[in-house]
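Asker: Compute the structure for the input listed below.
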Amino acid sequence: MYRALMTGLIAMMSILLIWFLETAGKSYLCSMNFSGIIVGAAVFFSIGLCHPAVIKMEYYFGKKSWWVWLAVGLACCVLSLLVKNQTVSTIIGGFAFSCLWGIHEMFLQEKRVLRGYYAAGSRRILPVTNITSP
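Answerer: Below you'll find the model as predicted:
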């Protein structure tokens, strides 16, 4: 959770820096292209957001919730195609593929739980069925 908070803080600081530099007037720094740094910070933030979300979803719902990651990932892919701004489209696309990677991580998380690396979902909302050890 601390890592996701720090990632969000870094992303917000970079966005505020860009806003400040663009509104400050004509200067050398305002003529630079910061879109790569903005996209990098946003994708870093989305990875930091998706990792704990995968762990929590597997804990409460099990691997049967993988379709949520698929739906959000595909929706963000379509949204990325429809957005006109290239930087925003790239950020949405990065988030889409972070969500699609979450499907893979969901199945790996179940194996980690079975091996004892993470706690099993004692407060699981969906019932656990057909869990066998690898």
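Asker: Which elements pack onto the helix or strand containing Gly40?
Answerer: Gly40 belongs to helix 35-61 when elements are defined using DSSP states H and E. Judged by 3 or more Cβ pairs under 8 Å, 6 or more residues apart in numbering; DSSP states H and E, the packing partners of helix 35-61 are helix 2-23, helix 86-115. From N, CA and C alone the C-beta is placed, and that goes for glycine too.
Asker: count of neighbours near Ile15?
Answerer: Using other Cβ atoms under 10 Å, Ile15 is surrounded by 15 other residues.
Asker: Could you check how far the nearest residue to Val39 once chain neighbours are set aside is from Trp66?
Answerer: Leaving aside its sequence neighbours, Val39 sits nearest to Thr90 (Cβ to Cβ, 6 or more residues apart in numbering; 5.0 Å). To Trp66, Thr90 is 25 Å away according to Cβ to Cβ, to the nearest Å.
Asker: need the next SSE after the helix holding Gly40, C-terminal direction.
Answerer: helix 66-82.
Asker: Least confident secondary structure element in the chain?
Answerer: Sorting the helices and strands of the chain by mean pLDDT, DSSP states H and E puts helix 2-23 at the bottom, at a mean of 69.
Asker: Pick out the residue closest to the middle of the chain.
Answerer: Taking Cα atoms, centre = their mean, the centroid of the chain lies closest to Ser46, which sits 3.0 Å from it.
Asker: That residue touches Gly93, doesn't it?
Answerer: No: the criterion here is Cβ atoms under 8 Å, and Ser46 misses it with Gly93 at 10.3 Å.
Asker: Tell me where the model's unsure across the protein.
Answerer: The model of the chain has pLDDT under 70 over residues 1-5, 16-32, 121-134.
Asker: and Phe107, how many neighbours?
Answerer: Phe107 has 12 neighbours, counted by other Cβ under 10 Å.
Asker: Let me know the distance separating it from Ser98.
Answerer: Distance from Phe107 to Ser98, counting by Cβ to Cβ: 16 Å.
Asker: For the residue nearest to Val39, which residues are in contact?
Answerer: Taking Cβ atoms under 8 Å, 6 or more residues apart in numbering, we find Thr90 in contact with Ser35, Val39, Ser80.
Asker: Sounds good, over and out.
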